[in-house]
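> sharing a model that was predicted from the sequence below.
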Amino acid sequence: MLEGKVAIVTGSTSGIGLGIARALAAQGAHIVLNGFGDAAQIDGLRKELAAGPSYSAAEVTKYGFAQAAQLRRAEGGGAGVKVAYSPADMSKPAEVVGMIEQATRELGRVDILVNNAGIQYTAPVEEFPPEKWDAIIAINLSANFHAVRAVLPQMKQRNWGRIVNIASTHGLVASTQKAAYVAAKHGVLGLTKVVALETATTGVTCNAICPGWVLTPLVQKQIDDMAARERISKEEAQARLLGEKQPSLAFATPEQIGALVVFLCSEQAAQIRGVAMPVDGGWTAQ
Ligand code: NAD
C-alpha cells in the first residue's frame, strides 16, 4: 500500500517506534531507522526490515515479525525495501535537521515522518532536576518541531505527506510526577493542530496518536521502580500499573500502534487532520 514511499521513524531501535517501522516496511515503504543501540543489533534490524512486504499480516500474527521475515527470506524473499539508519540525537536540533537531509540524500525524498523518540523521568515537580526537564522538552517536543520544519517544504512541493506524532494519553490528561513529560506531550498535541491547520488545503496531513500503557523498556523501568519501591513482585507492579489507569487491564502493543500509523498514511485517512487518537484501553474515557 505504501510502496515506494520513504518513511523516517525517530526512536525506532526499540519499542513502539520499532513496531511502527516494521508495520510501514511490511507495507512496502523504505525506512530510515533512528535511535540508540549497538551496531550489531541495528544491523540485524536493518536486515530484518529489508524483507519488506514479503510477509503477510497473517504470518506476522502467527509467527511474530522477526520469524515471519526469516521464513520468507529462507524461501527466497520478496521485493524488499531499502532501510537506512540515522544516529541523530533528537536532543540536538542540528542533528534532527541532519537526519532529514541524510534521508533525502540517501533515499531521494521523505514522504512520511513519524516523530516517536521519547524519554521519561518521574519526580515531584519541586524535586524535578532542571536538566531532566530540558532533555524531555528537547527530545519529546522540540525535536518534533525541528523535524517538521525541515521536512514540510518537500512534502508541500510534492503535495503529499504524512506526519504522525506519537504523543500519549499524557498529552490529554495528567498524572503526578511527570511534569516535563505531560507538558511536552500536551505541547505535541498543540503543534500537531497548528501543522494540520497550516497544511489543511494540501495533500499533507498531521495527526497524533495517544497510546496508553504499552509494555516497552520505557514502561518496564517504571514497573521495576514500582516493584522496588513498594517491595512487590514485578507481576504485581504490572497489574497495579494497569489497574490504576487502563480499564482494559491489558497493554496496547507496538503492532497496534504500527497498524494505526499505516492507516493514517493511507488515502482513506486523507481527511483526518489535527486529531489526537487514543489507543489506551479506555484510559481517557474515564
Ligand atoms: P523505548 O524506550 O522503548 O524507545 C525509545 C526510542 O527512542 C529508542 O529507540 C531510543 O533509542 C530512542 N531515543 C531515546 N532518546 C533519543 C534521542 N535523544 N535521540 C534519538 N533517539 C532517542 O520507548 P517507547 O515506550 O517505545 O516510547 C516511544 C514513544 O512512545 C515515546 O515518545 C513515548 O513517550 C511514547 N509513549 C509510550 C508509551 C508506553 O507506554 N510505552 C505510552 C505513551 C506514549
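Right, received. Where do you want to start?

> and the strands in the stretch 151-286 of the chain, which stretches?
Using DSSP state E, counting those that start in this stretch, the strands of the stretch 151-286 of the chain run over 161-166, 204-211, 276-279.

> CSV please, covering those and showing distance to the ligand.
Every C-beta, even on glycine, is put in place using the N, C-alpha and C of the backbone. Shown next, in CSV, are the strands of the stretch 151-286 of the chain (distance: least, C-beta to the nearest ligand atom, whole Å):
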stretch, distance to the ligand
strand 161-166, 5
strand 204-211, 4
strand 276-279, 9
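
> what's the closest of these to Gly108?
strand 161-166 (14.5 Å; C-beta to C-beta).

> list the helices and strands the closest one packs on?
helix 15-26, strand 112-115, helix 143-158, helix 179-198, strand 204-211, helix 254-264 (3 or more C-beta pairs under 8 Å, 6 or more residues apart in numbering; DSSP states H and E).

> report the angle between the first one and strand 204-211.
Counting by axes from the mean of the first three to the mean of the last three C-alpha atoms, to 10 degrees, helix 15-26 points 130 degrees away from the direction of strand 204-211.

> what's the most buried one of the helices and strands packed on strand 161-166?
The highest mean neighbour count among the helices and strands packed on strand 161-166, using mean count of other C-beta atoms under 10 Å, belongs to strand 112-115: a mean of 29.

> following it in sequence, what is the next regular element?
helix 130-136 (DSSP states H and E).

> hmm, back to that, okay if I get the strands of the stretch 151-286 of the chain as JSON lines plus mean pLDDT?
Formatted as JSON lines, these follow (pLDDT from 0 to 100):
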{"stretch": "strand 161-166", "mean pLDDT": "98"}
{"stretch": "strand 204-211", "mean pLDDT": "98"}
{"stretch": "strand 276-279", "mean pLDDT": "98"}
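
> in TSV: these, plus distance to Gly19.
Converted to TSV, the strands of the stretch 151-286 of the chain look like this (distance: least, C-beta to C-beta, whole Å):
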stretch	distance to Gly19
strand 161-166	10
strand 204-211	10
strand 276-279	11
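
> tell me the confidence at the closest residue to Leu215 other than its chain neighbours?
Distances taken as C-beta to C-beta, 6 or more residues apart in numbering place Phe251 nearest to Leu215, at 4.5 Å, with adjacent residues excluded. pLDDT, Phe251: 96.

> likewise Leu49?
92.

> try the one 3 residues further on
pLDDT, the model's per-residue confidence, is 67 for Gly52.

> do the same with the one 10 residues further on
Listed pLDDT for Lys62 reads 70.

> near it, how many other residues are there?
Neighbourhood size, Lys62 [other C-beta atoms under 10 Å]: 11.

> go on, Pro53?
Neighbours of Pro53 (other C-beta under 10 Å): 18.

> let's see stretch 35-52 as CSV, backbone CA atoms only.
The C-alpha trace of stretch 35-52 is given here as CSV (Å, rounded to 0.1, in the frame of the first residue of the first chain):
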residue,chain,number,x,y,z
GLY,A,35,17.7,5.8,17.8
PHE,A,36,20.3,4.4,20.0
GLY,A,37,21.6,0.8,20.2
ASP,A,38,24.6,-1.3,19.5
ALA,A,39,25.8,-1.5,15.9
ALA,A,40,25.1,-5.3,15.6
GLN,A,41,21.6,-5.0,16.9
ILE,A,42,20.8,-2.1,14.5
ASP,A,43,22.4,-4.0,11.6
GLY,A,44,20.2,-7.0,12.4
LEU,A,45,17.0,-4.8,12.4
ARG,A,46,18.0,-3.3,9.0
LYS,A,47,18.3,-6.8,7.5
GLU,A,48,15.0,-7.9,9.1
LEU,A,49,13.1,-4.9,7.9
ALA,A,50,14.6,-5.0,4.4
ALA,A,51,12.5,-8.1,3.7
GLY,A,52,9.7,-5.5,3.3
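
> wait, does stretch 214-230 contact the ligand?
Yes: looking at stretch 214-230 against the ligand by C-beta under 6 Å from any ligand atom, the contacts come from Val214, Thr216, Pro217, Leu218, Val219.

> so what's the residue nearest to Leu215 up against?
Trp213, Val214, Leu215, Leu242, Gly281 (C-beta atoms under 8 Å, 6 or more residues apart in numbering).

> need the phi and psi values for it.
phi -70, psi 150 (degrees, to the nearest 10).

> ok, so what distance separates it from the ligand?
Phe251 sits at a distance of 8 Å from the ligand (criterion: C-beta to the nearest ligand atom, to the nearest Å).

> many thanks, have a good one.
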